[in-house]
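K.L.:
Give the three-dimensional model of this entry:
(chains A and B)
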Number of protein chains: 2
Amino acid sequence: MSILVVGSVAFDSVKTPFGEKNHILGGAATYFSVAASFFSDVAIVGVVGDDFGPREEEVFRHRGIDISGIERVRGQQSFHWKGEYGFDLNVARTLDTQLNVFADFKPKLTDRLRDFPFIFLANIQPQLQREVRMQMKRPSLVAADTMNYWIENTREELIETLKGVDLLIINDSEARELAGEPNLVRAAKRILKMGPRRLVVKRGEYGAAMFGAGSYFSSPAYPLDDVFDPAGAGDSFAGGFMGYLAASGRTDEAALRRAMIYGSIMASYNVQEFSCSRMLRLSHDEIDQRFGELRAMTHFEDGDAPRRQV
Amino acid sequence: MSILVVGSVAFDSVKTPFGEKNHILGGAATYFSVAASFFSDVAIVGVVGDDFGPREEEVFRHRGIDISGIERVRGQQSFHWKGEYGFDLNVARTLDTQLNVFADFKPKLTDRLRDFPFIFLANIQPQLQREVRMQMKRPSLVAADTMNYWIENTREELIETLKGVDLLIINDSEARELAGEPNLVRAAKRILKMGPRRLVVKRGEYGAAMFGAGSYFSSPAYPLDDVFDPAGAGDSFAGGFMGYLAASGRTDEAALRRAMIYGSIMASYNVQEFSCSRMLRLSHDEIDQRFGELRAMTHFEDGDAPRRQV
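P.N.:
Residues are numbered from 1 along each chain as shown, chains lettered A, B, ... in the order given. Below you'll find the predicted structure:
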């Protein structure tokens, strides 16, 4: 099955302890679609400016990603994010955000795109997420991301959007803030009452957790000694996750768990280089290899259960 | 097999967002030995003052813990720790530490105790850890804990102690600080060159990780909606871990991995009440139950590996 993603296609200026790059291709929809493209067909709905040229188009073409839904606005620049990471690579510090073309973005989906069965509402204004959601005909799975900024500034709109979302994929500080509850297990219970049937919590180097009604799954992060640029980790996780689900055409617990592992794998490769460079050189064999390694890294056996009596 | 633990038997005054308790039984050797006692015989080497009375003795007797190696110092008080936890229950803030009897503690082991095969050097001055280590005849496994204070203030002594340690059990900020390296995978590689053949990294609500030469295991924390008092979580983890190993008499990879799970289980029960109250009411069936749940929470299957070609 195919996935539609709505979100930013942007340029980033990123500084990490290991280097600095200006004006590199970024944006949630970019990372998401590149990761998802290893598993299933994916189309983007978004908006770019004059700075989005043939070089950027080639990235998407190379991965067979449908960018016919990306609107071009003449005389303006694409969305631009500038941020930096310290040695604690789990937390980004935003230095500057220029919405540019995104300021007046009103997504309008063609009939063909409205028919897509899987949809990912990447981290954009909740009102925009809802407008896209409402244009979809009968999606079989709607997943969404959001961030602290929307939780703090557009809470009511976000709550409204969540009513139409099956699966929410956010990081753990966002989950705590959305629920207004420091305990993650309780926070998850509250969020599952807001609409989503599943909550996926991304925890950076600590892996990810998935909460459902009466179910819990914990997946580790792939251990890396060369995390280079964490930008896009969450979106490539979501791309691997949704890409696998769409390819398998299933959304049962076993499929969702494997999707978590594919999400972790795509995120792990993505952070090893700036932008989505590493993913663009990735092979299916390399994906399979980390899948096997993650299985080995989490495996333990039932055994003797010693019971000392006192 | 039996375990010898050297460490503090103390009184704690703890404040958490959920309540406050003064002068309750605590100390690393206390939490460790109570947790380990569910699996194997355990004896404590430590020191207490006049405030350690029949009520405290009864806790250890109740769990069949050998306290003949606990020295009593007349006219002095036991070690006292005062601390608090905020809503981020992963981090304790120490408000006051009174060494009292610990200031002049010189552990002297009887011949019987020097024969123990498993030993845990809980978080005390590295010099004391080494003195105990040197008195042991031929231990089959030496494990140790430490903390930032010793890493910062007695680094050389600690490095010396680590040469005689097989397995180091510390938390992740300690691992990063000990290695002088923010990336945990690289930090682990450096620490494994200091002596230990295994490094176990405790990560609070994110679980734990075990590093060996060419091996890695990630175990989740048991998800709780009622974390009440995190004090002693790390020591009850170590107690469950070592207790299981000593009971099984094995230290191979499969046994170490199951030990990680038993460690997580004991820590998860311990944090649900103040002091070691919850562990004192714990049954073997309850331990087995969480073992099964943790297996289910981490299980995923090999499946189709969709390979989209572009």
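
K.L.:
Alpha carbons of stretch A:103-121, as PDB, please.
P.N.:
Extracted C-alpha coordinates of stretch A:103-121, given in PDB (Å, rounded to 0.1, in the frame of the first residue of the first chain):
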ATOM      1  CA  ALA A 103       3.300  30.800   6.300                       C
ATOM      2  CA  ASP A 104       0.400  30.700   3.800                       C
ATOM      3  CA  PHE A 105       0.400  27.000   3.000                       C
ATOM      4  CA  LYS A 106      -3.100  25.700   2.300                       C
ATOM      5  CA  PRO A 107      -2.700  22.000   1.300                       C
ATOM      6  CA  LYS A 108      -5.100  21.000  -1.500                       C
ATOM      7  CA  LEU A 109      -5.000  17.300  -2.400                       C
ATOM      8  CA  THR A 110      -5.700  16.000  -5.900                       C
ATOM      9  CA  ASP A 111      -8.300  13.200  -6.100                       C
ATOM     10  CA  ARG A 112      -5.600  10.600  -6.600                       C
ATOM     11  CA  LEU A 113      -3.800  11.600  -3.400                       C
ATOM     12  CA  ARG A 114      -7.000  11.700  -1.400                       C
ATOM     13  CA  ASP A 115      -7.300   8.000  -2.100                       C
ATOM     14  CA  PHE A 116      -4.100   6.900  -0.300                       C
ATOM     15  CA  PRO A 117      -4.600   4.300   2.400                       C
ATOM     16  CA  PHE A 118      -1.800   5.300   4.700                       C
ATOM     17  CA  ILE A 119      -1.200   8.900   5.800                       C
ATOM     18  CA  PHE A 120       1.500  10.500   8.000                       C
ATOM     19  CA  LEU A 121       0.800  14.000   9.300                       C
END
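
K.L.:
ok, is that stretch in contact with chain B or not?
P.N.:
No. Stretch A:103-121 lies out of reach of chain B by Cβ under 8 Å from any Cβ of the partner chain, never closer than 13.4 Å. (C-beta placed from N, C-alpha, C; glycine too.)

K.L.:
how about the one helix or strand in chain A whose mean pLDDT sits lowest, does it reach chain B?
P.N.:
Sorting the helices and strands of chain A by mean pLDDT, DSSP states H and E puts strand A:92-98 at the bottom, at a mean of 90. No. Using Cβ under 8 Å from any Cβ, strand A:92-98 stays clear of chain B, with a minimum separation of 15.6 Å.

K.L.:
Show me the contact partners of that strand.
P.N.:
A:S13, A:Q77, A:F79, A:H80, A:W81, A:K82, A:G83, A:E84, A:Y85, A:G86, A:P230, A:A231 (Cβ atoms under 8 Å, 6 or more residues apart in numbering or on different chains).

K.L.:
Check which strands are paired with it and give the direction for each one.
P.N.:
strand A:79-85 (antiparallel) (DSSP bridges).

K.L.:
buried set for the partner strand?
P.N.:
Of the residues in strand A:79-85, A:F79, A:H80, A:W81, A:K82, A:G83, A:Y85 count as buried by neighbour count, 16 or more other Cβ atoms under 10 Å in any protein chain shown.

K.L.:
Show the contacting residues for the third one.
P.N.:
If I follow you right, that is A:W81. A:A10, A:F11, A:D12, A:S13, A:G26, A:G27, A:T94, A:D96, A:T97, A:Q98.

K.L.:
show me the contacts for the fifth one.
P.N.:
Going by Cβ under 8 Å, 6+ apart, A:G26 touches A:A10, A:F11, A:D12, A:V14, A:W81, A:A231, A:G232, A:S275.

K.L.:
Can you report how many residues lie near A:D50?
P.N.:
Residues lying near A:D50 (other Cβ atoms under 10 Å in any protein chain shown) number 13.

K.L.:
For chain B, see how far away it is.
P.N.:
Counting by Cβ to the nearest Cβ, to the nearest Å, the gap from A:D50 to chain B is 27 Å.

K.L.:
in what helix or strand does that residue lie?
P.N.:
Per DSSP states H and E: A:D50 is located in neither a helix nor a strand.

K.L.:
Does it touch A:R74 like I think?
P.N.:
Yes. With contact defined as Cβ atoms under 8 Å, A:D50 counts as touching A:R74 (6.6 Å).

K.L.:
Mean confidence (pLDDT) on the next helix or strand after the least confident helix or strand of chain A, please.
P.N.:
Later in the chain than strand A:92-98, the nearest helix or strand by DSSP H and E is helix A:111-114. The average pLDDT for helix A:111-114 rounds to 96.

K.L.:
what does helix A:111-114 contact?
P.N.:
A:L4, A:A43, A:V45, A:G69, A:Q135, A:M136, A:K137.
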